[in-house]
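Q: here is the input, now give the coordinates:
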Amino acid sequence: MLLLFTDITPECNLSMLQRFAKNFIADVNMGILVIDREERLIELSDVACRLLGVKRKNVINKSIKEAFPELPHDQLLLHRALLDGVIVRNQVTSWTTNNRRYELLMDSNLLRDEYGRVIAAYVVFKDITNLRSLDEQIQRNDRLAMIGQIAAGTAHEIRNPLTSIKGFLQVLKYGLIEKGLTKEKEYTDIMLKEINRINDLVSEFLLLSKPRDAKYEEVKISSVIGELLPFIQNEALLHKVEVRYENVEGLPPVIADHELLKQVFLNVCKNGIEAMADGGELTIRERLFEAENKVVVDVHDTGPGIPHYVIDKIFDPFFTTKENGTGLGLPVCQRIIHDIGGNIRVSSKGFGTTFSVFIPYHTKSFRSYG
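A: Numbers count the residues shown, from 1 in each chain. Sure thing, here's the model as predicted:
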């Protein structure tokens, strides 16, 4: 047996490394960006194009400002400081593309020539949106479970005295009316209103701990929204908001509780309407997301948007920016959607907010309805 060994020259090594780098950038499931000393984008991977919402041919060899004209100054994904030697390790940053917010885990480093001079900088990032959302949801579920346990243990102790107080106040109210004491009667009305508010709060606590017995069945999203539309439009009129509904024929049904879905969509739509204090437009849009086998309902408002330092807290229990809010509406909605295998995503870029409710469907149902 004769073995022949071919001498591999440095030129051959370089060629192989170049081919490897080219294949690596094309195949790896990570975003890769390379910028030169003039801050021009000289290379980017397909994953980077998808996550950043750009086409390679439109941005290659262009400056960062030309490639991303709306890039915020505090956006760490691409920054002049990277070329000045700022090394980033395991930096989490966010990026919004087509109203979808991505959480990215980023690393960066420098490329130097044989003399040690910086010739370029590269950024490598991975989409960790689902992982981070899962971690946040686990933390929220732990908090919700704790709140639920407290609520379940104290609900009766709270409601029993409230029922007695409410009953005696109503008797007192009728006595005041008979005696013509109008001013005192108004005081009882205020107290009764506050007691009802406490009862509603206790009910929301109980829903967090153990939602009512859900009746899961095939549900058409369009029928749920169709039933809610008159209520949403009436609420919108009070706030001088116009409602647009874009439904899609032939969407597959989802497996969910009809009434609980109504609660979710009504809550999300009311939040959008109330966010537009000076009027605006609320758009409810249905669509199919076949990549994840989900039906999606987008609720977009033209309000001022949600500040970036608030957006990560809106699903936390008791967090609210409303004067009379309880901070339990969105956590309850998220709990309902997660229980049927879906999720709620939110994106806001300073000129409106979009809540996207993703609900899974069965492929068999899609074949029969498609």
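
Q: do a quick rundown of the helices in the stretch 51-200 of the chain.
A: In the stretch 51-200 of the chain, the segments counted as helices under DSSP state H, counting those that start in this stretch are 56-59, 64-67, 80-83, 129-178, 182-209.

Q: comparing those, which yields the minimum mean pLDDT?
A: Comparing mean pLDDT across the helices of the stretch 51-200 of the chain, the lowest value falls on helix 80-83: a mean of 66.

Q: name the element the nearest residue to Ile284 once chain neighbours are set aside belongs to?
A: The shortest distance from Ile284 to any residue that is not its chain neighbour, by C-beta to C-beta, 6 or more residues apart in numbering, is 4.8 Å, and that residue is Tyr245. Heads up, the C-betas are built off the backbone N, CA and C, glycines and all. Under the assignment given by DSSP states H and E, the secondary-structure element containing Tyr245 is strand 241-246.

Q: which helices and strands does that strand pack with?
A: For strand 241-246, the packing partners by 3 or more C-beta pairs under 8 Å, 6 or more residues apart in numbering; DSSP states H and E come out as helix 221-238, strand 280-289.

Q: what is the three-state secondary structure of Leu41?
A: State at Leu41, reduced to three classes by DSSP: H, G, I helix; E, B strand; the rest coil: strand.

Q: re the thing from before, what residues does the strand holding Tyr245 touch?
A: For strand 241-246, the external contacting residues (C-beta atoms under 8 Å, 6 or more residues apart in numbering) are 225, 229, 232-233, 236, 273, 276, 279-286.

Q: can you give me the angle that strand makes with helix 221-238?
A: Strand 241-246 and helix 221-238 meet at an angle of 170 degrees, taking axes from the mean of the first three to the mean of the last three C-alpha atoms, to 10 degrees as the criterion.

Q: tell me the mean pLDDT for whichever helix or strand comes after strand 241-246?
A: Tracing the chain past strand 241-246, the next element assigned as helix or strand by DSSP H and E is strand 254-257. Over the span of strand 254-257, the pLDDT mean works out to 90.

Q: make sure Val346 is indeed in a helix.
A: No: residue state for Val346 (three-state DSSP) corresponds to strand; a helix is not indicated.

Q: with distance to Cys269 and mean pLDDT added, can I get the helices and strands packed on strand 241-246 in a markdown table?
A: Formatted as a markdown table, the entries for these read as follows, by distance: least, C-beta to C-beta, whole Å; pLDDT from 0 to 100:
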| stretch | distance to Cys269 | mean pLDDT |
| --- | --- | --- |
| helix 221-238 | 5 | 90 |
| strand 280-289 | 7 | 92 |
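
Q: most tightly surrounded among these?
A: Burial of the helices and strands packed on strand 241-246 is given as mean neighbour count (mean count of other C-beta atoms under 10 Å); strand 280-289 ranks first at a mean of 17.

Q: quick revisit: which of the contacts of strand 241-246 sit farthest apart?
A: Taking C-beta to C-beta, the two most distant members of the contacts of strand 241-246 are Gly279 and Glu286; they sit 24.4 Å apart.

Q: coming back round to it: give me the neighbour count for the residue nearest to Ile284.
A: A total of 16 residues lie near Tyr245 under the criterion other C-beta atoms under 10 Å.

Q: what pLDDT does it get?
A: The predicted local distance difference test score for Tyr245 is 94.

Q: Ile198 versus that one, what's the distance?
A: The span separating Tyr245 from Ile198 equals 36 Å under the rule C-beta to C-beta, to the nearest Å.

Q: for Leu228, same thing?
A: In this view, Leu228 and Ile198 are 27 Å apart by C-beta to C-beta.

Q: same thing with Phe289?
A: When C-beta to C-beta is the yardstick, Phe289 and Ile198 sit 41 Å from each other.

Q: verify the contact between Ala121 and Glu38 for me.
A: No: the pair Ala121 and Glu38 does not pass the contact test of C-beta atoms under 8 Å, sitting 11.6 Å apart.

Q: tell me the contacts of Glu274?
A: Glu274 sits next to His239, Lys322 when contact means C-beta under 8 Å, 6+ apart.

Q: what secondary structure does it sit in?
A: Reducing the assignment at Glu274 to three states with three-state DSSP gives helix.

Q: quick revisit: which one of the helices and strands packed on strand 241-246 lies nearest to Glu66?
A: strand 280-289 (31.2 Å).

Q: what packs against the closest one?
A: Contact analysis of strand 280-289 by 3+ C-beta pairs under 8 Å, 6+ apart lists helix 221-238, strand 241-246, helix 258-275, strand 294-301 as its packing neighbours.

Q: make CSV from these and add distance to Val47 to it.
A: Output for these, formatted as CSV (distance: least, C-beta to C-beta, whole Å):
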stretch, distance to Val47
helix 221-238, 31
strand 241-246, 30
helix 258-275, 31
strand 294-301, 21
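
Q: to Ser347, which of those lies closest?
A: By C-beta to C-beta (comparing all of the helices and strands packed on strand 280-289), the closest turns out to be strand 294-301, at 9.4 Å.

Q: after the closest one comes which helix or strand?
A: Elements were assigned by DSSP H and E; along the chain past strand 294-301, the next helix or strand is helix 329-339.

Q: how many other residues sit next to the residue lying closest to Asn199 once chain neighbours are set aside?
A: Using C-beta to C-beta, 6+ apart and skipping residues adjacent in sequence, the residue nearest Asn199 is Leu162, 6.3 Å away. Leu162 has 15 neighbouring residues, counting by other C-beta under 10 Å.

Q: how is the protein divided into domains?
A: For the chain, automatic domain parsing gives the domain ranges 10-127, 133-209, 216-369.

Q: buried deepest among the ones you listed, which one?
A: A comparison of the domains of the chain by mean neighbour count, using mean count of other C-beta under 10 Å, puts domain 216-369 on top with a mean of 17.
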